[in-house]
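Enquirer: below is the sequence, then the predicted model.
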Amino acid sequence: MTENPTDPAELRETVRAHYAGAARSAGRRLDLLVEDDCCSTTSCCGEAQVPAGFGAGLYDLTSSSSLPIEALEASLGCGNPTAVAELREGERVLDLGSGGGIDVLLSAQRVGPTGFAYGVDMTDEMLDLARENAVRAQASNVEFLKGTIEDVPLPDESVDVVISNCVINLSVDKPAVIAEMFRVLAPGGRIGISDVVAEDHLSPEERAERGSFVGCIAGALSRSEYLDGLTAAGFGDTGVEFTHENAPGMHSAIIRATKPR
């Protein structure tokens, strides 16, 4: 069994420290990969660096080829939410737990110069990396904000779409995250999220046996818990679609929902 902290403050600090380390190591991994001249394939930049089903290898190389390699190297997500959010020209997008910025930068490309993409992250090292990546990508329609996904530093009804990539499972207060998504979305707005989700028959204890909290397994909601939480917050058109299995009974999934008009 994998040991996991139980105190919420300790859990949050464990997550923060883990992803701060991931941000610092992104540049070091890049140096090693460039020396080996193998960074043109997903087997080198993606799956070889993180467990199968996570990371840069989940992105379409055509759409991500224009981004800084540092953004790809810092990706520890379990999907590609920008590929399912159906972003449109001129929309305002918020990425919860934006990390090295890959999904914000991809969103900025899709919404174009009349749109805007925000990223929120609580880790200074990730924010520094994301801002550097935005400069490298020459992206002017982006902003990275420091904050938690349980208390988003944006006004009510300020965005059209909320995305997130394997971050909500790391929250210590998931109902607060779902409530914040509903709050910041304009009426008719939608969510397009990638996250790890458990099959309904797995208890919290059984989920913890399959992986750690910082490894995006122990803290995952079940499919029914996700759907019930979205409905309780006021969302409609809810859906959870499993895409691939990360551990027995634990799946990367696409979560969709809409805020009624």
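Expert: Happy to help now that I have it.

Enquirer: in the chain, what helix or strand scores lowest on average pLDDT?
Expert: helix 42 (a mean of 28; mean pLDDT, DSSP states H and E).

Enquirer: what about the residue nearest to Val240 when sequence neighbours are not counted, neighbour count?
Expert: Leaving aside its sequence neighbours, Val240 sits nearest to Arg223 (C-beta to C-beta, 6 or more residues apart in numbering; 4.9 Å). For the C-beta atoms, the positions are set from N, CA and C on the backbone; glycine is no exception. The local packing of Arg223 (other C-beta atoms under 10 Å) involves 19 other residues.

Enquirer: give me the distance between Arg223 and Ala176.
Expert: 20 Å (C-beta to C-beta, to the nearest Å).

Enquirer: which residues does Thr238 contact?
Expert: Residues counted as contacts of Thr238 (C-beta atoms under 8 Å, 6 or more residues apart in numbering) are 227, 230-231, 255-257.

Enquirer: mind putting the residues you listed in TSV, secondary structure and neighbour count included?
Expert: What follows is these, written out as TSV (DSSP: H, G, I helix; E, B strand; the rest coil; neighbours: other C-beta atoms under 10 Å):
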residue	secondary structure	neighbour count
Leu227	helix	19
Leu230	helix	24
Thr231	helix	13
Ile255	strand	25
Arg256	strand	18
Ala257	strand	27
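
Enquirer: show me the helices in the stretch 101-250 of the chain, by range?
Expert: 102-111, 124-136, 174-184, 204-209, 223-233 (DSSP state H, counting those that start in this stretch).

Enquirer: nearest to Ile217, of those?
Expert: helix 204-209 (6.4 Å; C-beta to C-beta).

Enquirer: ok, which stretches of this protein are strands?
Expert: 92-96, 116-121, 142-146, 159-165, 185-198, 221-222, 236-247, 250-258 (DSSP state E).

Enquirer: which residue is nearest the middle of the chain?
Expert: Asn165 (2.0 Å; C-alpha atoms, centre = their mean).

Enquirer: tell me the contacts of that residue?
Expert: 75, 77-81, 95, 97, 99, 103, 193-195.

Enquirer: can you read off the pLDDT for it?
Expert: For Asn165, the model assigns a pLDDT of 92.

Enquirer: quick one on the thing from earlier: between the contacts of Thr238, which is closest to Glu180?
Expert: Of those, the one sitting nearest to Glu180 (C-beta to C-beta) turns out to be Leu230, at 12.6 Å.

Enquirer: surely that closest one touches Ile178?
Expert: Yes. Using C-beta atoms under 8 Å, Leu230 is in contact with Ile178, at 6.1 Å.

Enquirer: just to revisit the earlier point, now for the helices of the stretch 101-250 of the chain, which one comes closest to Thr148?
Expert: Taking C-beta to C-beta, helix 174-184 is the member of the helices of the stretch 101-250 of the chain nearest to Thr148, at 8.8 Å.

Enquirer: mean confidence (pLDDT) on that closest one, please.
Expert: 98.

Enquirer: so which elements touch it?
Expert: In terms of contacts (3 or more C-beta pairs under 8 Å, 6 or more residues apart in numbering; DSSP states H and E), helix 174-184 is packed against strand 92-96, strand 159-165, helix 223-233.
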